[in-house]
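**Q** how would this look folded up:
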Amino acid sequence: MERKGNFSYQRADRRAALAVLAVAAACVAMVVALGGGVAGVAEAPAADSSASARADSASYRRPGPRRYTYAVAERRAELFAFDPNTADSTALLRLGLQPWQVRNIYKYRAAGGVYRRKEDFARLYGLTVGQYRRLEPYIRISPDFLPAATLVADTGRRRDTLRYPAKLGPGERIALDGADTAALMRVPGIGRYYARAILGYGRRLGGYVSVAQLAEIEGFPEEAMGYFTIADTAPRRLNLNTLSLAQMRRHPYINFYQAKAIVDYRRQHGPLKGLADLRLCPDFTPEAIARLTPYVEF
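**A** Okay, the predicted model is just below:
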């Protein structure tokens, strides 16, 4: 009895194993059947892999600025009068301009640009010399686009002769002594700065005795000297026997050492009788004595 029980138990195990094998076989059959169908589906697009690759590359193309092209029918250019400030695209295309040139005109006008002269139209980007010469006789600029300042007539406006005096012409002269700022500014090359410098240096000198003295003004234009003359006026003279050292130093032709030499001579020898008394002084060269002679007295 014990042996039969063991044998029955083994038969049940065999039946369970057979059931498992049957289920496994069914699963394998189903996998094989389904795997063949998937393979068949996968093989279909493989045949057209190059087409799909091109489609993918097209869909993932690098983004960039969109380019526009124009399909314009060939037409013969017409010539007629036009105003580039008001002509529309149809008229501009009839003149033989390219669509992109017309677009540039529209952009220029939209930005506030105005064609005031015929030559302004020549600045159109891409316009050739031949095109401009062909269109130039037909360009008509309306007076409405001219500057409003042209409506103001200059004939009725008086010139401010005080600030902007009329310049002297060739051969004209003015007297150096006695001329005021307005008269001096009439000399070509002389403005307000040099006019004041001429008057200031003349006061320090006591008057001009030669036109060449203008060259002593720093930076004075030499070409302006030909417009001056010297009047017969005596300069203001300095009495070297009565003036102090500080008073003598104010004159452009007497420096500190020369003024001191004069004071020392008066203290040692008495009043001066002439500049010749100072010729032995090393500070008074012959040139210095000749330059100072018209401005001193004793």
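**Q** ok, how many other residues are close to the residue lying closest to R249 once chain neighbours are set aside?
**A** Spatially, and ignoring its direct neighbours in sequence, R249 is nearest to A259 (5.1 Å; Cβ to Cβ, 6 or more residues apart in numbering). (Each C-beta comes from the backbone N, C-alpha and C, glycine too.) Look at A259: counted by other Cβ atoms under 10 Å, it has 21 neighbours.
**Q** Renumber starting at 51 from here on
**A** That works, and once the first residue is 51, the last one we named lands at A309.
**Q** continuing past the helix or strand of the chain with the lowest mean pLDDT, what's the next helix or strand?
**A** Lowest mean confidence among the helices and strands of the chain (mean pLDDT, DSSP states H and E): helix 99-109, at a mean of 50. Using DSSP states H and E, the helix or strand that follows helix 99-109 in sequence is helix 139-144.
**Q** All the strands of the stretch 201-348 of the chain, residue numbers only.
**A** 224-225, 278-279, 288-289, 346-347 (DSSP state E, counting those that start in this stretch).
**Q** So the residue nearest to R299 sits against L290, correct?
**A** No - taking contacts as Cβ atoms under 8 Å, A309 lies outside contact range of L290: 9.2 Å.
**Q** shared neighbours, these two?
**A** Taking Cβ atoms under 8 Å, 6 or more residues apart in numbering as the contact rule, A309 and L290 both touch M298.
**Q** What are the phi and psi values at R173?
**A** phi -80, psi 0 (degrees, to the nearest 10).
**Q** could you check the distance from it over to L142?
**A** For R173, the distance to L142 equals 16 Å [Cβ to Cβ, to the nearest Å].
**Q** now do P220
**A** 54 Å.
**Q** Give me the more crowded residue out of those two.
**A** Neighbours were counted for P220 and for L142 using other Cβ under 10 Å; L142 has more, 19 against 7.
**Q** Setting aside sequence neighbours, what's the nearest residue to the more buried one?
**A** Per Cβ to Cβ, 6+ apart, closest to L142 is V152, 4.6 Å.
**Q** and that neighbour, what is it in contact with?
**A** By Cβ under 8 Å, 6+ apart, V152 lies in contact with 139, 142-143.
**Q** what's L71 in contact with, if anything?
**A** L71 makes no contacts at all, as judged by Cβ under 8 Å, 6+ apart.
**Q** my guess is it is in a helix, correct?
**A** Yes - L71: assigned to a helix according to DSSP: H, G, I helix; E, B strand; the rest coil.
**Q** which residues in this protein form helices?
**A** Listed in chain order, the helices of the chain (DSSP state H) span 52-96, 99-109, 139-144, 149-160, 168-171, 179-185, 231-234, 242-255, 295-299, 306-319, 336-342.
**Q** and these, which one is worst for confidence?
**A** Out of those, helix 99-109 stands lowest, with a mean of 50 (criterion: mean pLDDT).
**Q** so which of the strands of the stretch 201-348 of the chain comes closest to P271?
**A** strand 278-279 (11.8 Å; Cβ to Cβ).
**Q** where does the stretch 151-300 of the chain have low pLDDT?
**A** 202-212 (pLDDT under 70).
**Q** one step back: what separation do you get for the residue nearest to L142 and A160?
**A** Note on V152: its distance to A160, by Cβ to Cβ, is 13 Å.
**Q** again with V179
**A** From V179 across to A160, the span is 27 Å (Cβ to Cβ).
**Q** go on, R341?
**A** R341 is 73 Å from A160, by Cβ to Cβ.
**Q** if we can go back for a sec, redo the helices of the chain as a markdown table? Include distance to D327.
**A** Shown next, in a markdown table, are the helices of the chain (distance: least, Cβ to Cβ, whole Å):
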| stretch | distance to D327 |
| --- | --- |
| helix 52-96 | 127 |
| helix 99-109 | 111 |
| helix 139-144 | 94 |
| helix 149-160 | 84 |
| helix 168-171 | 77 |
| helix 179-185 | 84 |
| helix 231-234 | 38 |
| helix 242-255 | 23 |
| helix 295-299 | 15 |
| helix 306-319 | 7 |
| helix 336-342 | 10 |
